[in-house]
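Peer 1: this one's sequence-less:
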Ligand code: DGL
């Protein structure tokens, strides 16, 4: 069966691209909820509700494994979905959040031992307002890593600028948000682009951050964690094509999607219940 990849819009295509290069034969079905994007300014209940609907649609398309390629949904809805919504059975939902925390702390997610020294003293997290407000990132870091300080910066406006393809506005916003971060933390040891859209403007973050700051690439981490998961759960693997679904206007997003994928693809309208 195809692996489902869900995002609030087009940003998850940065993750899909890496998944495809790690697993070139694998069938994928992508769903972007462009009609309801952005999620990053919504409250946690809204994000939960929309994410459940999107994931259900991918289940209905025959995807038994769905990757939530959206930090906002992973940070504020995934845990609740797994505890109270996901039907007991063969279907599984994974997020983009866990591989990032595992990488930064060098600890397995299931390792509940006391926090250890990881060598990481501080980390700057750039994400949407919802992801920062969820508090999920500092909570999960501190659960595993001792003596690490986590600084969060909500990058208001940046998702919209990227979805519109407005690079000038995106550059101004990146400069402004990075400057606000550096006023609190002048020399971040590591910086996390904690939103699936931001790899599109990774060069702008790189230029605005100090040269010594390590930029952590989430799509790479998610792709290799997924490949690893599939090698242990091979019943989810199936060769086949990639389908691209959107709840939004197919004609409007066709061109914009090219900046995320580097090529033109055929989009299908997703008719979702609810
Ligand atoms: N894809 C979402 C994320 O990674 C951001 C986009 C949005 O605000 O909807 O956080």
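Peer 2: Yes, it's here. Just so you know, these numbers come straight off a predicted model, no measurement behind them.
Peer 1: Need phi/psi at the residue of the chain found nearest the ligand.
Peer 2: Nearest to the ligand, among the residues of the chain, is residue 40, at 2.8 Å (Cβ to the nearest ligand atom). Just so you know, the C-beta spots here come from the backbone N, C-alpha and C atoms, and that holds for glycine as well. Main-chain torsions, residue 40, degrees, to the nearest 10: phi -70, psi -10.
Peer 1: Could you do residue 135 as well?
Peer 2: The phi/psi pair for residue 135 (degrees, to the nearest 10) reads phi 70, psi 10.
Peer 1: neighbours of it, just the number please.
Peer 2: Neighbour count of residue 135, defined by other Cβ atoms under 10 Å: 13.
Peer 1: still on that earlier bit, could you pull up the residues touching the residue of the chain closest to the ligand?
Peer 2: 8, 72, 127-131, 159, 195 (Cβ atoms under 8 Å, 6 or more residues apart in numbering).
Peer 1: Could you check which helix or strand contains the residue of the chain positioned farthest from its centre?
Peer 2: Of all residues in the chain, residue 114 has its C-alpha farthest from the mean position, at 27.2 Å, by Cα atoms, centre = their mean. Here residue 114, judged by DSSP states H and E, is contained in no helix and no strand.
Peer 1: residues in contact with residue 75?
Peer 2: So residue 75 contacts 95, 97, 127, 130-131, 134, 136-137 (Cβ under 8 Å, 6+ apart).
Peer 1: Same check on residue 191?
Peer 2: When contacts are counted by Cβ under 8 Å, 6+ apart, residue 191 touches 123-126, 205, 209, 213-216.
Peer 1: Can you add secondary structure and give the residues you listed back as JSON lines?
Peer 2: Shown next, in JSON lines, are those (DSSP: H, G, I helix; E, B strand; the rest coil):
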{"residue": "123", "secondary structure": "strand"}
{"residue": "124", "secondary structure": "strand"}
{"residue": "125", "secondary structure": "strand"}
{"residue": "126", "secondary structure": "strand"}
{"residue": "205", "secondary structure": "helix"}
{"residue": "209", "secondary structure": "coil"}
{"residue": "213", "secondary structure": "coil"}
{"residue": "214", "secondary structure": "strand"}
{"residue": "215", "secondary structure": "strand"}
{"residue": "216", "secondary structure": "strand"}
